[in-house]
Each structure stands twice: as structure tokens, then as C-alpha cells.
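A.B. asks: this one's structure only:
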């Protein structure tokens, strides 16, 4: 995520910040302006009301008043604010969560907080891309559920506009166990949510957007038996090495729906990482004794938007540097992928579809 500056003192603050560590100002994310703002209470105008500090001076901004999301005041689980006149008491992200785990069980509160933090990051990116709420309708709804002894296992997935996530995925040890068991190089909460949102937006942008034929030309025919395709994928295990020529991951080779969702998640990875790097005004030079070229990272939300090929030229050296930095700290590669030209064609398809949707607005 991009970095921000405190309205009051100018110190660097972050997307999930709730307080400026330099001046102590209360911070909240304002979805109506896509920024972290320093707020001060105005109890004389109403209980629980806040007003933004004027970034140009020490005074208070006139205009809109805000309330903190109920999940912030009750659980310290959210840093989004909502307009004072909003009829509900949950922010635009939290109100999408339809089912919660049992929060009387303390470990579930911790898991839920981590999942909601990842969901707010997803909301931000989708909203910046002009996709939240979904074109012509509402965004996805979420159910965060826990396995119950003796009951059926909770499966992470998407069905009919609802994204379900097993909250065990918030536990690092359980997530690592599943990643190793499935032979995956990467498994994170934000990765899960980005992937499942891909299924939601396939319905919105491809199926209902009149793009089925062009989708099939790039990804294949999604009408093939889905259950049989997944069964065959898991039966092959990690032995299939042919996927890399045309897919972003081994799982993407299982079925065109999963190919799309994995590619969609990768596109969101790209957008978020480029925006973060651009907010630091980053430039990268890959060492080369013959033709070293410096790539300055462009904000993917700049006006005009950068071309896809420009994003790719910046993305490749940026991920090389990111992985090198991780290795210097004894960590695994943060981005353990190498995208083939065939995978890039599919990323370009997602890019063109998303940018076309943004242009329609």
C-alpha cells in the first residue's frame, strides 16, 4: 500500500495507522477521499463526531464530519471512518462482512482482525480501480467461518457473490502447513481474498460483461467439468511442470476459472506493489555491465494511467530487488514467481478489461 503523511505534522503514516507516532494525532482512513487523515473530536456538534485537521495549517477543515466505524470503537478492529450522515454504524468495508466467527472465543477475535485488515487492503485497491462496488451493483459479501468439531470443513471459496474464508488461514502455522501440503510457493490472507475476488469479478466483467468469447480465446473454455478438472489437478500434485509456459501458477492450470482468478490476483499484486514503490519515489537499476537501465516506478493510478508494458518493465526489476532484500534478511522470496510470455498475455487481458471498465466511469 502507498504511504501517507500526517495532516498535523507531516510525518509518514501508513494505510493501517490509527495514531501518528510523531505527534500523537488520531488517524483514520477516509474512503471518500482515499487518504489517511488526522482527526479531532468535535463533541459540541454531536457524540462521536470528528473533523479533519486542515492540512494547510493548524485549524480545522470545515465541511464533512465523520464517525469511527463501530468495529473500531468496539474491537479496535478497523481504522476506516464513515460520514456522520451515513445511516449505518459500520464502514464501507466492514459492512460487507455478513457472517463472523464466534467472537466470544478470544483467538477468533485476533483472526478476524487480521482478515479484516487484509479485506480493507483489497477494498482500497478495487475501489481505486473503479471496481468497488461492482459495476452496476454491489460488491461481494464475505463470510468468515471456523471449523466446528464433527461438522463439515469450511472451504475457502466464492459462490454467487459470497466469498467464504476459513479463519484458520489467519494462523501462520496452519497457513504454512497447508501451503507445504499443497506444494504452493505463496499463501497469504491478501492472496486468498484477491483470488476469490477474481471469481466474483469474472461473473461481473466476463460472464455478464459480454466477454466470454474473448476470455475463452485466452484462458480456454470454462464449460469443461470443474470438479473433474480440480480432481485431476490434485491427482497430479506437483509433478506437472508444463504449467509455467502459459500460467502464473501451477493451480492456474487446473481450470480456466482458476487460471483467471490466479491471474487476477497477480494483477492486484502488481498494482499494489507498484503503487507502494511509487509512493516512495523508487527507481531500480538491475546490475548489468553492458546495458544497465534504470526504471523509475510510476504510480499505476497516475493520470494518464501508465501503459501495461511500462508497468511490466518496472515490475520485473522491482520484484528482483524485493526478493534480494528478503534474502538479505534470511527470508524466503516475497514474490516467488517468474512470469512467462504466455502468462503475460493473460495479465494483459485482465489489465485491458479493468482499464476499460475504469474508462467507462
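C.D. replies: Received it, and whenever you're ready, just let me know what you need. Please read all numbers here as calculations on a predicted model, not as lab measurements.

A.B. asks: Is residue 164 in a helix, a strand, or coil?
C.D. replies: Three states are possible here, and by DSSP: H, G, I helix; E, B strand; the rest coil the one that applies to residue 164 is strand.

A.B. asks: That one - nearest residue in space that isn't next to it in sequence?
C.D. replies: residue 143 (4.7 Å; CB to CB, 6 or more residues apart in numbering). Using the backbone N, CA and C atoms, a C-beta is placed for each residue, glycine as well.

A.B. asks: Helix or strand: which one has that neighbour?
C.D. replies: Under the criterion of DSSP states H and E, residue 143 resides in strand 141-145.

A.B. asks: what do you get for residue 177?
C.D. replies: Residue 177 is part of helix 172-181, with elements assigned from DSSP H and E.

A.B. asks: Tell me what angle that helix forms with strand 162-166.
C.D. replies: Interaxial angle, helix 172-181 versus strand 162-166 (axes from the mean of the first three to the mean of the last three CA atoms, to 10 degrees): 100 degrees.

A.B. asks: Quick one: residues in contact with helix 172-181.
C.D. replies: The contact list for helix 172-181, computed with CB atoms under 8 Å, 6 or more residues apart in numbering, reads 168-169, 184-189.

A.B. asks: Which of these has the largest number of neighbours?
C.D. replies: Ranked by neighbour count (other CB atoms under 10 Å), the contacts of helix 172-181 have residue 169 at the top, with 23 neighbours.

A.B. asks: can you give me the strands for the stretch 51-200 of the chain?
C.D. replies: Read by DSSP state E, counting those that start in this stretch, the stretch 51-200 of the chain holds these strands, from start to end of the chain: 66-68, 81-83, 97-99, 141-145, 157-159, 162-166.

A.B. asks: Over to the stretch 201-350 of the chain?
C.D. replies: For the stretch 201-350 of the chain, strands defined by DSSP E, counting those that start in this stretch occupy the ranges 283-285, 294-296.

A.B. asks: Reformat those as CSV; add mean neighbour count and mean pLDDT.
C.D. replies: CSV is the format used below for the strands of the stretch 201-350 of the chain (neighbours: other CB atoms under 10 Å; pLDDT from 0 to 100):
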stretch, mean neighbour count, mean pLDDT
strand 283-285, 15, 93
strand 294-296, 13, 91
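
A.B. asks: got CSV for those, with distance to residue 88 too?
C.D. replies: Supplementary listing: these in CSV, determined by distance: least, CB to CB, whole Å:
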stretch, distance to residue 88
strand 283-285, 43
strand 294-296, 42
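
A.B. asks: what's the closest of those strands to residue 34?
C.D. replies: Residue 34 sits nearest to strand 294-296 of all those, at 22.9 Å, using CB to CB.

A.B. asks: how about residue 145, what does it touch?
C.D. replies: Taking CB under 8 Å, 6+ apart as the test, what residue 145 contacts is 99, 101, 154, 164-167.

A.B. asks: List buried residues within those.
C.D. replies: The neighbour count (16 or more other CB atoms under 10 Å) marks 101, 154, 164-167 as buried among the contacts of residue 145.

A.B. asks: would TSV of those residues with distance to residue 321 and pLDDT be doable?
C.D. replies: Below are these laid out as TSV (distance: CB to CB, whole Å; pLDDT from 0 to 100):
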residue	distance to residue 321	pLDDT
101	38	93
154	38	94
164	36	97
165	31	97
166	34	96
167	34	96
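
A.B. asks: ok, which pair from the residues you listed is furthest apart?
C.D. replies: Greatest spatial distance among the buried ones among the contacts of residue 145 (CB to CB): 101 and 164, at 11.7 Å.

A.B. asks: any common contacting residues for the two?
C.D. replies: Both residue 101 and residue 164 are contacted by 144-145, under the criterion CB under 8 Å, 6+ apart.

A.B. asks: Mind giving me the packing neighbours of the longest strand seen in the chain?
C.D. replies: With residue count as the measure and DSSP state E as the assignment, the chain has strand 35-41 as its longest strand. Under the contact criterion of 3 or more CB pairs under 8 Å, 6 or more residues apart in numbering; DSSP states H and E, the helices and strands touching strand 35-41 comprise strand 26-30, strand 50-52.

A.B. asks: let's go with 10 Å and repeat that
C.D. replies: If contacts are counted by 3 or more CB pairs under 10 Å, 6 or more residues apart in numbering; DSSP states H and E, strand 35-41 sits against strand 4-5, strand 12-13, strand 26-30, strand 50-52, strand 66-68.
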